[in-house]
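Chemist: fold the following for me, if possible:
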Amino acid sequence: MNKRLTDGGLAETEKWPEAGKLGCLRQASKDTYNVGNWGISKMAETHPVDRIELGGIVTIRDALLAQQRRGRKVYRLESGDPSFSIPGHVAEALAKAIRDGHTHYTPGAGIPELRQALFEKLVKKNHLPLTGPDQVLVTNGAMHGLYIAYRALLDPGDEVLVPDPTWTETADNVLLAGGEVVRVPLNPQLRYEAAAVAEKITPRTKALVINSPHNPTGTVMTREEVQAMVELAAQHGVWIISDEAYEDILFDGRTHLSPGSLGYERVISLYSFSKSYAMSGLRLGYVACTDPQLLERMTKLLRCTINGVNSATQHAGVAAVTGPQDHLAAMVAEYQNRRDVLWGALAHCRLLHPFKPEGAFYLWAAMDAAWEGYQGQRDGWAMTRYLIDAFGVGSSPGEVFRPAR
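Modeler: Modelled structure (predicted):
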């Protein structure tokens, strides 16, 4: 008996469609088939999407939520979602945009008002050498910005140097674009050094990633460190992908320096509204670049992936960028206070040895070598399970931040 695709599996049904007519079923896995046009053929053994995983933090979140549903008090420290609400004037702008009918399609690269506001912000605050708002593209969050940047920049087999550890999507989006991830280990003090990057550069190196403040360690690159990295990139003609999502979350008087402000043109700068304005669920980010070809490619990718960020959120973004910024000082002060409390507590813990964050809102800790482990394991996952089971505290194992493959 022949089969058809149903609910992700196979069921008995009528004859196979004839080749060249309704299409044939093309095998997607050993148990499922997809409709094609030119006969029965297996899909490629290795698909780009199969190079990445669903994400370990999702597993941790689900475990915490399951315990919460059973009535247990849990502490959600496993993911980077701000606990603040969006500023009042931004919330009002969002509601007003909906009331005013801004619920329809927008230009694929962003509404003109937002691109202009972002252009002015990037020139004034980040000191980027932009010449107009056409060099700013609005994206569905900074993660989407990473996706279109890599897809526009990379050819198959190109290498991208990333800090190790790194935010998961920094590496995964390289793989989705057909590139190869090359790890650059941070030094024992969690510094990202140009000398270490230089050792990894090969003729196949297309780009290096800078992420400061850094997810997940909370380190902030100094001016000297950023300058050294830019000089290295210029020496080898390598692109810089600069993830600046945490540019406003800085502790102890530290400052942020955008690599794109130092006179090197091969820089793609990425930003987010999620952290500075607590708009993580509204999915709004932006990309800045001066290269015409890359801008054209990324604009095409915007059309083919989202065809424009939702219009009401873009209007809220205008209010966020052009309106009062006084919420930032209060937000950063609270983050720094939480940093001090957590770091101070863990500094006296026999199981973990914390590094003091300089920015962002993450704390990286090393496990004590004498820890006996949990359930027969001694890795980061074992510690994560132990903290959940013993205390209801969510955390993320360091393994999920190491570039796979």
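Chemist: what number of residues lie near Ser196?
Modeler: Slight slip there: residue 196 is Ala, not Ser. 17 (other CB atoms under 10 Å). C-beta coordinates here come from the backbone N, C-alpha and C atoms, glycine included.
Chemist: ok, now the one 5 residues further on?
Modeler: The number of residues packed near Ile201 is 18, by other CB under 10 Å.
Chemist: pretty sure it contacts Leu161?
Modeler: Yes: look at Ile201 against Leu161 with CB atoms under 8 Å: they come within range, at 7.2 Å.
Chemist: overlap in contacts of those two?
Modeler: Val238 (CB atoms under 8 Å, 6 or more residues apart in numbering).
Chemist: residues in contact with Trp236?
Modeler: One thing to correct before we go on: residue 236 is His, not Trp. Contact analysis of His236 by CB under 8 Å, 6+ apart lists Ile201, Thr205.
Chemist: quick check, pLDDT for it.
Modeler: We have a pLDDT of 98 for His236.
Chemist: what are the ranges of the helices in the chain?
Modeler: 56-69, 88-99, 112-124, 142-153, 168-176, 194-198, 223-236, 292-305, 311-322, 327-346, 380-391 (DSSP state H).
Chemist: for Ser212, find the nearest of those helices.
Modeler: Closest to Ser212 of the helices of the chain is helix 223-236 (CB to CB; 7.1 Å).
Chemist: in this structure, which residue is most central in space?
Modeler: Geometric centre of the chain, nearest residue: Met143, 4.1 Å, by CA atoms, centre = their mean.
Chemist: list the contacts of that one.
Modeler: Counting by CB under 8 Å, 6+ apart, Met143 touches Glu169, Asn173, Gly285.
Chemist: those residues into CSV, with extra columns for pLDDT, distance to Pro185 and neighbour count?
Modeler: Converted to CSV, the contacts of Met143 look like this (pLDDT from 0 to 100; distance: CB to CB, whole Å; neighbours: other CB atoms under 10 Å):
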residue, pLDDT, distance to Pro185, neighbour count
Glu169, 92, 19, 19
Asn173, 96, 21, 24
Gly285, 99, 28, 23
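Chemist: closest one to His104 out of those, please.
Modeler: Gly285 (21.2 Å).
Chemist: what sits closest to the closest one if chain neighbours are left out?
Modeler: Nearest residue to Gly285, sequence neighbours excluded (CB to CB, 6 or more residues apart in numbering): Ala142, at 3.9 Å.
Chemist: gap between the one you found and Leu190?
Modeler: Distance, Ala142 to Leu190, by CB to CB, to the nearest Å: 22 Å.
Chemist: out of the two, which sits in the busier spot?
Modeler: Counted by other CB under 10 Å, Ala142 and Leu190 do not tie: Ala142 has more neighbours, with 26 against 18.
Chemist: ok, now which ones touch that one?
Modeler: Asp243, Ala245, Leu270, Tyr271, Ser272, Ser274, Gly285.
Chemist: do Phe401 as well
Modeler: The neighbours of Phe401, taking CB under 8 Å, 6+ apart as the test, are Pro165, Thr166, Trp167, Thr168, Pro216.
Chemist: state the distance from it to Leu122.
Modeler: Using CB to CB, Phe401 is found at 28 Å from Leu122.
Chemist: can you check Glu244 too?
Modeler: Separation of Glu244 from Leu122 (CB to CB): 10 Å.
Chemist: mind listing the shared neighbours of these two?
Modeler: Common neighbours of Glu244 and Leu122 (CB under 8 Å, 6+ apart) are Ser269, Tyr271.
Chemist: now do the contacts for the closest residue to Ile60 other than its chain neighbours.
Modeler: Excluding its sequence neighbours, the residue lying closest to Ile60 (CB to CB, 6+ apart) is Glu78, at 4.7 Å. Neighbouring residues of Glu78 by CB under 8 Å, 6+ apart: Ile57, Ile60, Arg61, Leu64, Thr384, Gly394, Ser395, Ser396.
Chemist: all set, thanks.
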